[in-house]
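A.B. asks: what follows is a predicted structure for the sequence shown.
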Amino acid sequence: MQISLARQVALVTGASSGIGAGSAKALAAAGAAVVLNFNSSAGPAEELAREINDSGGRAIAIGADVSKEQDVERLFAETLDAFGTLDILVANSGLQKDAAAVDMSLDDWNTVIGVNLTGQFLCARAALRIFNRQGIRQGVSRAAGKIIHMSSVHQRIPWAGHVNYAASKGGIDQLMQTLAQETSHQRIRINSIAPGAIRTAINREAMEGEKEQQLLQLIPYGRVGDVDDVANAVVWLASDLSDYVVGTTLFIDGGMSLYPGFRGNG
């Protein structure tokens, strides 16, 4: 069954590369107009917007730091100025600043929490305000709006040396569930995706050769994920095919969250 998101508008944060860029392309291919948010790297987002527009879609790139309230408010205002509405938010922006807890600076803790968790709250709040005003758009979607939070297997799996990142992703889990509990009666659907090891341009070298073989020991399904594995799920969660899916985290990890180290050790 082909999914159509025609007449819908999607905003994807952190859309200049990796999962964000892949999700934006997939949403555009399904017919949505797409706002590509970037922070410091305008070039890739603007090039992706041109690619989507040249292919017959509609896309614009908007710079904003999602950890800053004023930037988020401007991002959503410019989205409405460009397209008049918003139907889908993919809250994807995230970063890592890794260190052992005893060595981690407060600045690195606050930076990661600010982007990964506070940024997702600020974007969700702005989207919810729009969804509440516009309600269900008959003939467009069965929901008044959809929010997809990008989490990680590390909302469940502890990750030594990454306490700020793991804490932010654990926070996203409760953020998503609480928002879904609070707003689902308004026919707003909020869910999360928790990717495992996904091959992107940024981490490709860490997922090749001997390093990949070591990583595969943690992935029962026997392969590293691709961006499309996540992007396809984003499109499904944004569509009416998932209309009864509310407050759920979809793990896309090849079974990593099954703790394969315990296999045969029960």
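C.D. replies: Thanks, I have it.
A.B. asks: ranges for the strands of this structure?
C.D. replies: Counting by DSSP state E, the chain has strands at residues 9-12, 33-38, 59-63, 88-91, 145-150, 188-195, 198-199, 225-226, 249-252.
A.B. asks: with mean neighbour count and distance to R263 added, can I get the ones you listed in CSV?
C.D. replies: Where you see a C-beta, it was placed from the backbone N, CA and C, and this is true even at glycine. Below are the strands of the chain laid out as CSV (neighbours: other CB atoms under 10 Å; distance: least, CB to CB, whole Å):
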stretch, mean neighbour count, distance to R263
strand 9-12, 30, 36
strand 33-38, 29, 40
strand 59-63, 22, 44
strand 88-91, 29, 33
strand 145-150, 27, 28
strand 188-195, 25, 20
strand 198-199, 20, 22
strand 225-226, 17, 19
strand 249-252, 20, 17
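A.B. asks: I219 contacts A197, doesn't it?
C.D. replies: Yes: between I219 and A197 there is a contact at 6.3 Å, judged by CB atoms under 8 Å.
A.B. asks: who touches both of those two?
C.D. replies: Listed as contacting both I219 and A197 by CB atoms under 8 Å, 6 or more residues apart in numbering are D253, G254, M256.
A.B. asks: so where's the stretch 51-200 of the chain shaky on pLDDT?
C.D. replies: Regions of the stretch 51-200 of the chain meeting the criterion pLDDT under 70 are absent.
A.B. asks: and the helices in it?
C.D. replies: 69-83, 106-113, 119-134, 163-183 (DSSP state H, counting those that start in this stretch).
A.B. asks: in the second one, what counts as buried?
C.D. replies: Buried residues in helix 106-113, counting neighbours by 16 or more other CB atoms under 10 Å, are found at W109, T111, V112, I113.
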